[in-house]
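>>> need coordinates for the following:
(one chain, ligands or ions: 1)
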Amino acid sequence: MAGGSILVTGGAGYIGSHVVLQLRERGERVIVLDDLSRGFRQAVRDTPLTIGNVGDREVVSNLLRSHAVDTVMHFAAYTIVPESVREPLKYYGNNTCATRSLLQSCAEHGVKHFVFSSTAAVYGTPTAEICDENSPTAPINPYGTSKLMSEWTLRDLSAASDLRYAALRYFNVAGSDTRGRIGQSTPNATLLIKVACEHVVGKRPHLCIFGTDYPTPDGTGVRDYIHVEDLATAHLASLDHLRRGGASTVMNVGYGHGYSVREVLDSVARVSGRKLVIREEPRRAGDPSTLVAKAQRIRDLTGWQPRLDDLDTIVSNSLAWERKLLQEPW
Ligand code: UD1
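Numbers count the residues shown, from 1 in each chain. Have a look, this model is predicted:
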């Protein structure tokens, strides 16, 4: 299966590290570039790690040249919606400008395949209940805009060169390695399932529901939660598509059905056997009401098949990781 070397940017982060693990398990040659501003050295395990920023042209060029890289998987980015609302320039700098710089190096070194970590946030507040890849893109926060601009840069570069790409628009990622080796370890987490699991293990005295007046069946926000291992598999399937000569494409990655915040919290209570202390708060800035994927294209083009489409499994893996972090903090 192995082709040329693969540079994974942000490979010490939550999603990138799960992809690195799967790539290594199938025998790929992988190197990681991460500035460790939000990632963890431990998450990279024994894969070679260079500490640096993707916007550093010299570091990136050296890596591409010295490892004969023909594929880049680009995860390095800031990803927190409310933070992007407060500090937009940070997001346009680290996400959009750094991606443009990385692509410049890729173009100069003849990188052939590029797998890009994009987001459902490019859809903003969707006009339809379920978004497919042709749904209008209209981000409502700087995070989504920063990623959409990178998608456009990639589209235009690939039209003007031999580089082919797959941009994966993730929906809500959760869970952890089913063998318990790595997981979501970010301090001051904002993700719902992570926050709820931190509450269960005693790291937070309570948790909040942000918005109970959305136009959804129970008034709380609805999202398509996907297990991080299934999301990682989607990246390998996308790489295989490109290696087979497949055309550049943008693909949603989700399960195609959503859960409300209350349904997620019910699952956390059920799986943990604990009664949760919940506060109801106003809506959070930048949050759409409902985001659910139509994700047929990735199945059709790459043959990707999810294996862990079960909310209680996702919650149970997240909780197992949170308990492990309590014993052995990262
Ligand atoms: C996540 C991703 C974002 C992606 C989006 C796609 C991260 C940090 N965010 O954002 O990159 O574009 O999915 O859908 O990876 N909520 C609460 N209480 C909490 C936390 C959240 O009620 O303590 C609610 C939110 O208002 C929202 C839902 O839970 O309705 C999910 O929020 P969250 O887990 O933070 O993810 P997103 O903001 O959807």
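
>>> just give the nearest non-adjacent residue to Asn172, would you?
Arg223 (4.2 Å; CB to CB, 6 or more residues apart in numbering). For glycine as for every other residue, the C-beta is placed from the backbone atoms N, C-alpha and C.

>>> pretty sure that neighbour contacts Ala174?
No - between Arg223 and Ala174 there is no contact under CB atoms under 8 Å: 9.4 Å.

>>> overlap in contacts of those two?
Common contacts of Arg223 and Ala174 (CB atoms under 8 Å, 6 or more residues apart in numbering): Leu192.

>>> pLDDT of stretch 57-70, averaged?
What stretch 57-70 shows for mean pLDDT is 97.

>>> any idea whether Ile209 is helix, strand or coil?
Three-state call for Ile209 (DSSP: H, G, I helix; E, B strand; the rest coil): strand.

>>> cool, and the one 10 residues further on?
On the three-state scheme (three-state DSSP), Gly219 is labelled coil.

>>> neighbours of it, how many?
Residues lying near Gly219 (other CB atoms under 10 Å) number 16.

>>> and what of Val81?
20.

>>> contacting residues for it?
Val81 neighbours (CB under 8 Å, 6+ apart): Ala121, Asn141, Tyr143, Gly144, Thr190, Arg284, Gly286, Asp287.

>>> same deal with His227?
So His227 contacts Ala174, Gly175, Pro306, Leu308, Asp309, Thr313, Ile314, Asn317 (CB under 8 Å, 6+ apart).

>>> what's opposite it in the beta bridge?
Beta-bridge partners for His227, by DSSP bridges, are Ala174.

>>> and the residue in the chain that the ligand sits nearest to, how far from Pro288?
At 2.3 Å from the ligand, Gly221 is the closest residue in the chain, using CB to the nearest ligand atom. Per CB to CB, to the nearest Å, Gly221 is found 8 Å from Pro288.

>>> those two: which has the busier surroundings?
Gly221 (25 against 20).

>>> hmm, that one is touching Thr212, no?
No - assessed by CB under 8 Å, Gly221 is found out of contact with Thr212, at 9.5 Å.

>>> tell me the spacing between the residue of the chain closest to the ligand and Asp70.
Taking CB to CB, one finds Gly221 at 40 Å from Asp70.

>>> and the stretch 151-300 of the chain, which of its residues are near the ligand?
For the stretch 151-300 of the chain, the residues in contact with the ligand (CB under 6 Å from any ligand atom) are 171-172, 190-192, 195, 207-211, 221, 223, 261, 284, 287, 291.

>>> identify all contacting residues around the strand or helix carrying Ala320.
Assigned by DSSP states H and E, Ala320 falls within helix 311-327. Counting by CB under 8 Å, 6+ apart, helix 311-327 makes contact with 174-178, 180, 183-185, 193-194, 196-198, 200-203, 225, 227, 259, 263-264, 267-268, 270-272, 308, all of which sit outside it.

>>> just the buried residues from these, in ChimeraX please.
ChimeraX command restricting these to the buried ones, with burial defined by 16 or more other CB atoms under 10 Å:
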select :174,175,176,177,183,184,185,193,194,196,197,198,200,201,225,227,259,264,267,268,271,272,308
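
>>> what about the contacts of helix 311-327, which are in strands?
Ala174, Tyr225, His227, Tyr259 (DSSP state E).

>>> pLDDT score assigned to the last one?
Taken from the predicted model, the pLDDT recorded for Tyr259 is 98.

>>> who touches it in this structure?
Tyr259 touches Val222, Arg223, Tyr225, Ser267, Leu311, counting by CB under 8 Å, 6+ apart.

>>> from those residues, which two are the most distant?
Among the contacts of Tyr259, the pair separated by the greatest distance (CB to CB) is Val222 and Ser267, at 13.9 Å.

>>> now, the contacts of helix 311-327 that are in helices?
193-194, 196-198, 200, 263-264, 267-268, 270-272 (DSSP state H).

>>> adding distance to Leu148 and pLDDT as columns, could you present those in a markdown table?
Below are the ones in helices among the contacts of helix 311-327 laid out as a markdown table (distance: CB to CB, whole Å; pLDDT from 0 to 100):
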| residue | distance to Leu148 | pLDDT |
| --- | --- | --- |
| Ile193 | 25 | 98 |
| Lys194 | 25 | 97 |
| Ala196 | 29 | 98 |
| Cys197 | 30 | 98 |
| Glu198 | 31 | 97 |
| Val200 | 35 | 98 |
| Glu263 | 29 | 98 |
| Val264 | 27 | 98 |
| Ser267 | 31 | 98 |
| Val268 | 32 | 98 |
| Arg270 | 37 | 98 |
| Val271 | 35 | 98 |
| Ser272 | 37 | 98 |
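
>>> out of the residues you listed, who's nearest Thr302?
Ile193 (26.1 Å).

>>> return the distance of the residue nearest to that closest one when sequence neighbours are not counted relative to Ala159.
Using CB to CB, 6+ apart and skipping the chain neighbours, the partner closest in space to Ile193 is Ala174 (4.2 Å). Here the distance between Ala174 and Ala159 works out to 35 Å (CB to CB).
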